[in-house]
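Undergrad: model this:
(one chain, ligands or ions: 1)
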Amino acid sequence: MSTPLRLALIQMNIEAGNPEANFAKMEAKLEEAAALDPKPDLIILPEMWNTGYALTEIATLADADGKRTKAIVSEFCRKYEVNVLAGSIAQLRGDAVTNTIHVFDREGTSVAEYSKIHLFQLMNEHLHLEAGDIPGHFELEGTPAAAMICYDIRFPELARKLALGGAKILFVPAEWPHPRLHHWRTLLQARAIENQMYVVSCNTVGESGGANFFGHSMIIDPWGEVIAEAEEKETILVANVDLALVDEVRGRIPVFSDRRPAIYE
Ligand SMILES: NC(=O)CCC(=O)C(=O)O
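TA: Numbers count the residues shown, from 1 in each chain. From the prediction side, this is the model:
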């Protein structure tokens, strides 16, 4: 058995349009997570935690080049020697705003940046945000990992590409509201089962910007078993994942070597 990775998912409410309140809360929650015993190896935040879906004013609220987020989170990682997947933030790049994940290692070094590829029209993202176009591969503590954001999980092609690129664990920060809880649970489990990888999803919870988010952050193993699931309230969801299980499951059902891409790609 390999050394397990201890994860802490910060399922929090986000005040739409109030970055000051959200930064203060995020910092308090990171401190709370780092104080857990045993200390987590990786702390994860939800989607667009800095602004929420205040999209009509997003250009004035977004973090310019992610500078504020990067400074705070990188310093925090160094201080507590912990990795952080800083959810996603609304980030200003020139005139455009992207929905972007930042990942920092225990030294506070940036190891990944991923911008949401599929914009969710039902929540008007396409009117206010610019889509990313680079899949979210990265490496964490020597393990190949990947990230998607919320609506991205409806695109199995992207998850498959990340798995074929080597990812053993997929992180999914989200702001996924009622009434689509059964889509959320089913899609996350499907991505885990079909790609035989861990899926770790951190959702927001409660009312924000006129929508009602249900929480239910989940950690799903490569066999599709839900090993931890939050309720509909603010919480820090903690679980250990053993990445050796990915190779074991891939060895039991050889999905990747059984693929016949010449027929369907
Ligand atoms: N923030 C999002 O991408 C929401 C996606 C969502 O709710 C869905 O049903 O898909």
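
Undergrad: Near the residue nearest to Ser115 when sequence neighbours are not counted, how many other residues are there?
TA: Ranked by Cβ to Cβ, 6 or more residues apart in numbering and with sequence neighbours excluded, the top spatial neighbour of Ser115 is Gly132, at 2.8 Å. In short, each C-beta sits where N, CA and C put it, glycine included. Neighbour count for Gly132, taken as other Cβ atoms under 10 Å: 20.

Undergrad: cool, and Leu9?
TA: 30.

Undergrad: OK, contacts around the closest residue to Ile117 other than its chain neighbours?
TA: Nearest non-adjacent residue to Ile117, counting by Cβ to Cβ, 6+ apart: Gly132, 5.1 Å away. Residues in contact with Gly132 (Cβ atoms under 8 Å, 6 or more residues apart in numbering) are 98-100, 114-117.

Undergrad: just checking, Gly132 is part of a helix?
TA: No. Per DSSP: H, G, I helix; E, B strand; the rest coil, Gly132 lies outside any helix segment and is coil.

Undergrad: ok, the closest residue to the ligand within the stretch 151-265 of the chain to Ile263 distance?
TA: At 3.2 Å from the ligand, Tyr151 is the closest residue in the stretch 151-265 of the chain, using Cβ to the nearest ligand atom. Distance of Tyr151 to Ile263, given as Cβ to Cβ, to the nearest Å: 28 Å.

Undergrad: And for Ala167?
TA: Taken as Cβ to Cβ, the span from Ala167 to Ile263 is 24 Å.

Undergrad: ok, back up a step: filter the contacts of Gly132 to keep only those in contact with the ligand.
TA: Taking Cβ under 6 Å from any ligand atom as the test, the ligand is in contact with none of the contacts of Gly132.

Undergrad: Just the CA atoms from stretch 228-239 would do, formatted as PDB, please.
TA: The C-alpha coordinates for stretch 228-239 follow below in PDB (Å, rounded to 0.1, in the frame of the first residue of the first chain):
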ATOM      1  CA  ALA A 228     -16.900  10.600   1.700                       C
ATOM      2  CA  GLU A 229     -19.900  12.900   1.000                       C
ATOM      3  CA  ALA A 230     -20.800  16.200   2.700                       C
ATOM      4  CA  GLU A 231     -24.300  17.200   3.700                       C
ATOM      5  CA  GLU A 232     -26.100  20.400   2.800                       C
ATOM      6  CA  LYS A 233     -24.200  22.700   5.200                       C
ATOM      7  CA  GLU A 234     -20.800  24.300   5.600                       C
ATOM      8  CA  THR A 235     -18.200  21.800   6.500                       C
ATOM      9  CA  ILE A 236     -14.600  20.600   5.900                       C
ATOM     10  CA  LEU A 237     -14.800  17.100   4.400                       C
ATOM     11  CA  VAL A 238     -11.800  15.000   5.200                       C
ATOM     12  CA  ALA A 239     -10.700  11.600   3.700                       C
END
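
Undergrad: Can you give me the buried ones in it?
TA: Buried residues in stretch 228-239, counting neighbours by 16 or more other Cβ atoms under 10 Å, are found at 228-230, 232, 234, 236-239.

Undergrad: Tell me which of those residues fall in strands.
TA: 228-229, 236-239 (DSSP state E).

Undergrad: Of the residues you listed, which is the nearest to Lys29?
TA: Ile236 (7.2 Å; Cβ to Cβ).

Undergrad: Which pLDDT value belongs to that closest one?
TA: For Ile236, the model assigns a pLDDT of 98.

Undergrad: Report the separation between it and Phe214.
TA: For Ile236, the distance to Phe214 - Cβ to Cβ - is 17 Å.
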